[in-house]
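> my questions concern the predicted model and sequence given below.
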Amino acid sequence: MDANIQNTKALAKIEINDMEIKKKIYKIFKRIVDILGALFGCIILIPLTIGIFIANVISKDNGPIFYVQKRIGKNGKKFKMIKYRSMVVNADQKLRRYLLDNPEANEEFVKYRKLKEDPRITPIGDFIRKTSLDEFPQFINVLKGDMSLVGPRPYLPREKRAMGKAYKEIIKVKPGLTGPWQVAGRSEISLNERLKMDVEYVENENMKN
């Protein structure tokens, strides 16, 4: 009887060790894929940045090319996410004024955290947002280890309260350059639907880890 118990415990330990090894291998493999993908993306950034710079000069937009914004990362750690600037300078102040003057737009923003007709977007910014080119500089974040190629899109610190219970689940993994929210329709998805999809992604991801 004692021998059977000992054999069962030994098998359980082997299974646990086997799972731990698989988790480590998966994490290493995913990080290697992230690095290779990020290196390729950073190479594309060079001509893309030059092109956007020229387009801004032609459109007489004298603002900076890049926009750095704090986002929530894994384990709740904040990091600086890089994007091509697609909005006017002082966009946050302009948004607050616009939402105060437009109640319907405010309701839309509360539900989706975005506006279909956003007055802050520049002519060049409209193009790079529709083509998702504005997200390309985040290959730098992936290379640094702040983000992964795939994962929940990083949330703003001010959105933490609106995330509710989903917050603790979502921060278990690195945010991604692309994720379920973008695949499903981006601005057509409400915040609650986005949170639900992100939590489901994390749960599936944790099954692999």
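All right, it came through fine.

> quick check: longest helix of the chain.
helix 2-58 (DSSP state H).

> next SSE after that one?
Next helix or strand after helix 2-58 toward the C-terminus (DSSP states H and E): strand 66-72.

> give me the helices and strands touching that following strand, please.
On a contact count with 3 or more Cβ pairs under 8 Å, 6 or more residues apart in numbering; DSSP states H and E, strand 66-72 meets strand 78-84. For the C-beta atoms, the positions are set from N, CA and C on the backbone; glycine is no exception.

> same question for the strand it packs on: list its buried residues.
79, 81-84 (16 or more other Cβ atoms under 10 Å).

> now those in CSV, with pLDDT and distance to Lys172?
Output for the buried residues of strand 78-84, formatted as CSV (pLDDT from 0 to 100; distance: Cβ to Cβ, whole Å):
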residue, pLDDT, distance to Lys172
Phe79, 97, 16
Met81, 97, 19
Ile82, 97, 23
Lys83, 95, 24
Tyr84, 96, 29
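
> and which of those is nearest to Phe109?
Lys83 (18.8 Å; Cβ to Cβ).

> that closest one reaches Glu135, doesn't it?
Yes - using Cβ atoms under 8 Å, Lys83 is in contact with Glu135, at 6.4 Å.

> contacts for stretch 148-155, please.
Stretch 148-155 is contacted by residues 30, 33-34, 37-38, 71-73, 79, 81, 142, 147, 163, 170, 173-182, 198, 201-202, 205 when judged by Cβ atoms under 8 Å, 6 or more residues apart in numbering.

> just the buried residues of these.
30, 34, 37-38, 71-73, 79, 81, 142, 147, 163, 170, 173-177, 179-181, 198, 201-202, 205.

> what about the residue sitting nearest the centre point of the chain, which SS state?
Residue closest to the mean C-alpha point of the chain, counted by Cα atoms, centre = their mean, is Arg153 at 2.5 Å. Applying DSSP: H, G, I helix; E, B strand; the rest coil to Arg153 yields a three-state assignment of coil.

> that one and Asp198, how far apart?
Distance of Arg153 to Asp198, given as Cβ to Cβ, to the nearest Å: 8 Å.

> what's the overlap in contacts for these two?
179, 181.

> check which residues of stretch 108-124 are buried.
108-109, 112-113, 115, 118, 120-122, 124.

> can you tell me which of these end up in helices?
Reading helices off the buried residues of stretch 108-124 with DSSP H, I get 108-109, 112, 124.
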